[in-house]
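A.B. asks: I would like to see how this sequence folds:
(chains A and B)
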Amino acid sequence: MDLDALLDCVTTSSCVVTQTVSGLIVGMLLFLVAAGLTLIFGVLKIVNFAHGTFYMLGAYLAYSVFVGTGSYVLGVLAGGAGMAVFGVVFERFLIRRVYGANVLMQLLICYAVVLICDDLVKIVWGPDFRAMGMPPEFQVPPFFIAGGVVPPFYLVLIAVTLLIGGALGLGLGLTRVGKTIRAAAINPDMVSALGINTTLLYSMVFAVGGMLAGLAGGLAAPVRSLTPGMGFSILIESFIVTVIGGMGSIAGALIAAVVLGLIRSFGTIGFPLFTEGLMYIAMIIILVVKPSGLFGKEIV
Amino acid sequence: MRDRVGRRTVLVASAGLLATPWIARAQSNPIKIGIQSIFSGPIALLGTSSRGGIQPEIDRINAAGGLLGRQIQPVYRDSKGQPQEAARVARELVNTDGCEILLDAEASSGAFAVQEVVRDLGVLCVHSNSETSSLTADPKLRVATAFRSTRQGVHDAIVGGAHSAKVATEKKLSRWATCSPDYAFGRDTTAQFLEFLKHFKPDIEVVSQSWPKLGQPDFTEVITKILQARPQALYSALYAGDLSAFINQGNVYALFGAMQVFVPAMGDLPVLTAVKNLPPGIQSAARYLPTFPDTPANAAWYAQYRKANGNDYPTNWSWESATAMRFIEAAVTTAGATDGKKAAAALEGLTIDSPFSTTGKVTMRAEDHTLIDYAIGWGTTVPQPPFVTGIEPGDWGQIFELETEWKKKNGYI
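C.D. replies: Model (predicted):
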């Protein structure tokens, strides 16, 4: 524990700026993955343990398209689109068969998909790690705000992630499809009784969830190593985010992801040996104080 | 009478007929060598690149008529990186598969488990990947028929400490930070490095230490923490995918221009070729490079490895495993047997020709069954091949002297 260092940091503008940007970038990428996870749970009550795999495949797809075309934008879009399609296939042919079944069956299917995809990645891209590298347009030095270091690439990522999050929020809140999805989350039987094609709706939810994870994988690919099994660590953190934010709440996921990012960035200065532990403590406190999470609905 | 002779003849002839192919089979029986490593999971490269170094050696020996007139038959097994699985696999290779020799290409966690199985079975075993010094340095762990054909952590720490202290003195670097993976390897390696760095340059101050988790996807908060501490130099024991991610994320913050960075694991081709935008000026150990030692033998081995392995790059583990196979070949030939005791006696103190040494020869030190005189040195990264230049070889005289002190300090001698 190094509380002096933490105190020094929070009273120094350069440290506050640097660590806040650092926390935001970690949090925003986490939000994209967790948003899909929480959306799927909110509507389908399925805990998608294979969600980290969507993130991994999105990153690999973006990497291949970037290597082939040299375009980072195309790579990210391919990651998102590819995982939207993968999400539909996953829902249509596998997970649909265990709706309402024992959670162990869902876990088994998800875990099988994780293992199969990890091996497929090894066959297609090789067992060793891959690195996309920074696209040339972003190979620019960081600039300084109040003495704090701010990398332009991370600012772009934060902005893009906020845009995606905003579009998701507006889409769910204002469009007819969004309203139907929200209605299905509350009462799927009634939505079905009203003649709405819930089969299509569920596929759409998985498409959106997959797309968000794929986009996160693609966006992060220039700065993260691509390895088979890379989805696992992000999945654990995404679960923490969904638990803190409230299972099924997009707004909750956003707040929780940012809080978690800031806990990591400031925690590493004040509690260098206990940064991971801090995240779990935050989760435990929330579970004790408000078991349904920050924005979760109370289970009656 | 005729009847009795006939029966005997038939019995003798039958016995002869049955025995002849059996005797012939025994003479041409292949020598089975059990080779275990991690062939699946995130560090499968350990196994695949070890096999890439071993198999061409076996092919060469078999093409030349085999070992003691018998062909070598490798039996590869995957331990998946789990110590209990490594122990089980080792026992099974000998007891069920009939392997006469073990070439253990496990990481350290598995190698310590295999070591205990070898103690029990008494077969010849050469560990080809475990670099943890205590495996052979600690007399309590040592096994009469087990050897190690790899670089050693303490050797790397001595050479790294000496080289880094020299650079630190030249560039006046006194404020240091470290960033290493949060498990035994990362912590031990960092502690050893700092110990020898301070031995050569006592006025070192460690201003920040970070311990990211193994496989952590994002190092941003660690990088910004290092920047906040404003060190003049940074040491990192990160490796493989974690090192690549750290460099890519460090580049975003211009970390490598803000301080002198020392990374021992940088000088391995899969890392150097996979990392995009490799920053110039990182100080690194040469784990395996075709240009160190800069000899025709090393260049030829490099070319042959790539040809035999679909143009893949050899790793540090490749040369270590190829060396293990060469020592097995030399020991069995000298002993004239695969028997554990006889082959071990032949292997103790054995010196063989090697492309992986600046002197052209490496030795299996008799007193602690570990490799010495291999190529060890540090240099500076450049973004293009040969990636690491100006490599200064370590001084083996100095290594022996400080290693002995280190052993005394740890109660090993």
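A.B. asks: where does the residue of chain B found nearest chain A fall, helix, sheet strand or coil?
C.D. replies: The nearest approach of chain B to chain A comes at B:Lys276, 2.3 Å away (CB to the nearest CB). Where C-beta positions appear, they are placed from N, C-alpha and C, glycine not excepted. Reduced to three states with DSSP: H, G, I helix; E, B strand; the rest coil, the structure at B:Lys276 is coil.
A.B. asks: Give me the residue ranges of chain A where confidence is low.
C.D. replies: For chain A, residues meeting the criterion pLDDT under 70 lie at A:298-300.
A.B. asks: Leaving out chain neighbours, which residue sits closest to the closest residue to chain B within it?
C.D. replies: Proximity of chain A to chain B (CB to the nearest CB) peaks at A:Gly133, 2.3 Å away. Using CB to CB, 6 or more residues apart in numbering or on different chains and skipping the chain neighbours, the partner closest in space to A:Gly133 is B:Lys276 (2.3 Å).
A.B. asks: what number of residues lie near the one you found?
C.D. replies: 17 (other CB atoms under 10 Å in any protein chain shown).
A.B. asks: what sits against B:Arg148?
C.D. replies: For B:Arg148, the contacting residues are B:126-128, B:130, B:135-136, B:369-371, by CB atoms under 8 Å, 6 or more residues apart in numbering or on different chains.
A.B. asks: and with 7 Å instead?
C.D. replies: B:127, B:130, B:135-136, B:369-371 (CB atoms under 7 Å, 6 or more residues apart in numbering or on different chains).
A.B. asks: Export the residues you listed to a markdown table and append columns for pLDDT, secondary structure and distance to A:Gly27.
C.D. replies: As requested, the contacts of B:Arg148 are exported to a markdown table (pLDDT from 0 to 100; DSSP: H, G, I helix; E, B strand; the rest coil; distance: CB to CB, whole Å):
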| residue | pLDDT | secondary structure | distance to A:Gly27 |
| --- | --- | --- | --- |
| B:His127 | 98 | strand | 44 |
| B:Ser130 | 93 | coil | 39 |
| B:Leu135 | 93 | helix | 42 |
| B:Thr136 | 94 | helix | 46 |
| B:His369 | 97 | coil | 51 |
| B:Thr370 | 97 | strand | 47 |
| B:Leu371 | 98 | strand | 47 |
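A.B. asks: Return the member of the residues you listed nearest to A:Phe144.
C.D. replies: B:Ser130 (45.6 Å; CB to CB).
A.B. asks: Skipping adjacent residues, who's closest to the closest one in space?
C.D. replies: Of all residues not flanking B:Ser130 in the chain, B:Ala111 sits nearest, at 3.5 Å (CB to CB, 6+ apart).
A.B. asks: swap in A:Met247?
C.D. replies: A:Phe41 (5.1 Å).
A.B. asks: What of B:Phe387?
C.D. replies: The nearest residue in space to B:Phe387 (CB to CB, 6+ apart) is B:Leu272, at 4.2 Å.
A.B. asks: and if you look at B:Leu214?
C.D. replies: B:Pro181 (4.7 Å).
A.B. asks: wait, that neighbour sits on B:Gly241?
C.D. replies: No: contact criterion CB atoms under 7 Å: B:Pro181 and B:Gly241 do not qualify, at 11.2 Å.
A.B. asks: Show me which residues of the stretch 151-300 of chain A are close to chain B?
C.D. replies: A:151, A:153-154, A:222-225, A:227-230, A:233-234, A:264-265, A:268-269, A:272-273, A:276 (CB under 7 Å from any CB of the partner chain).
A.B. asks: Buried members of these into ChimeraX, please.
C.D. replies: Here is the ChimeraX command that selects the buried residues among these (16 or more other CB atoms under 10 Å in any protein chain shown):
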select /A:151,153,154,222,223,224,225,227,228,229,230,233,234,264,265,268,269,272,276
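A.B. asks: Helices - which of the residues of the stretch 151-300 of chain A next to chain B land there?
C.D. replies: Of the positions in these, A:153-154, A:233-234, A:264-265, A:268-269, A:276 sit in helices, assigned by DSSP state H.
A.B. asks: Could you list the buried residues of the strand or helix carrying A:Met105?
C.D. replies: For A:Met105, the host element (DSSP states H and E) is helix A:103-125. Across helix A:103-125, burial judged by 16+ other CB under 10 Å covers A:106, A:109-110, A:113-114, A:117-118, A:121-122, A:125.
A.B. asks: May I see the residues you listed arranged in TSV, with distance to B:Gly53 as well?
C.D. replies: As requested, the buried residues of helix A:103-125 are arranged in TSV below (distance: CB to CB, whole Å):
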residue	distance to B:Gly53
A:Gln106	44
A:Ile109	40
A:Cys110	38
A:Val113	35
A:Val114	32
A:Cys117	30
A:Asp118	26
A:Val121	25
A:Lys122	20
A:Trp125	23
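A.B. asks: Show me which pair in these is furthest apart.
C.D. replies: The distance between the two most remote of these (CB to CB) is 27.8 Å, for A:Gln106 and A:Trp125.
A.B. asks: And the strand or helix carrying B:Phe196, what does it pack against?
C.D. replies: Secondary structure assigned from DSSP H and E places B:Phe196 in helix B:184-200. Other elements packing on helix B:184-200 under the criterion 3 or more CB pairs under 7 Å, 6 or more residues apart in numbering or on different chains; DSSP states H and E are helix B:153-171.
A.B. asks: who are the neighbours of the very next helix or strand once past the helix it packs on, in terms of helices and strands?
C.D. replies: Using DSSP H and E, the helix or strand that follows helix B:153-171 towards the C-terminus is strand B:175-179. Applying 3+ CB pairs under 7 Å, 6+ apart, we find strand B:175-179 packed against strand B:205-210, helix B:220-229, strand B:233-236.
A.B. asks: what's the closest of the ones you listed to B:Thr150?
C.D. replies: strand B:233-236 (21.1 Å).
A.B. asks: for the closest one, the distance to its chain's centre please.
C.D. replies: Strand B:233-236 sits 23 Å away from the centroid of its parent chain (CA atoms, centre = their mean, to the nearest Å).
A.B. asks: Between helix B:184-200 and the helix or strand following it, find me the angle.
C.D. replies: Per DSSP H and E, the first helix or strand lying C-terminal to strand B:233-236 is helix B:240-252. Interaxial angle, helix B:240-252 versus helix B:184-200 (axes from the mean of the first three to the mean of the last three CA atoms, to 10 degrees): 60 degrees.
A.B. asks: In CSV, please show the C-alpha coordinates belonging to helix B:240-252.
C.D. replies: This file holds the C-alpha atoms of helix B:240-252, laid out as CSV (Å, rounded to 0.1, in the frame of the first residue of the first chain):
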residue,chain,number,x,y,z
ALA,B,240,6.1,-13.0,-25.6
GLY,B,241,2.6,-11.6,-26.1
ASP,B,242,2.6,-9.6,-22.8
LEU,B,243,5.9,-7.9,-23.9
SER,B,244,4.4,-7.2,-27.4
ALA,B,245,1.3,-5.6,-25.9
PHE,B,246,3.5,-3.6,-23.4
ILE,B,247,5.6,-2.3,-26.3
ASN,B,248,2.6,-1.3,-28.4
GLN,B,249,0.9,0.4,-25.5
GLY,B,250,4.2,2.0,-24.4
ASN,B,251,4.7,3.4,-27.8
VAL,B,252,1.3,5.2,-27.5
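A.B. asks: Mind checking if that helix is in reach of chain A?
C.D. replies: Yes: residues of helix B:240-252 contacting chain A under CB under 7 Å from any CB: B:240-242, B:244-245, B:248-249, B:251-252.
A.B. asks: Which SSE is immediately downstream of that helix?
C.D. replies: Next element after helix B:240-252 (DSSP H and E): helix B:255-258.
A.B. asks: Which neighbouring elements make contact with that following helix?
C.D. replies: Here helix B:255-258 touches helix B:220-229, going by 3+ CB pairs under 7 Å, 6+ apart.
A.B. asks: what's the average pLDDT for the helix it packs on?
C.D. replies: Across helix B:220-229, pLDDT averages out at 91.
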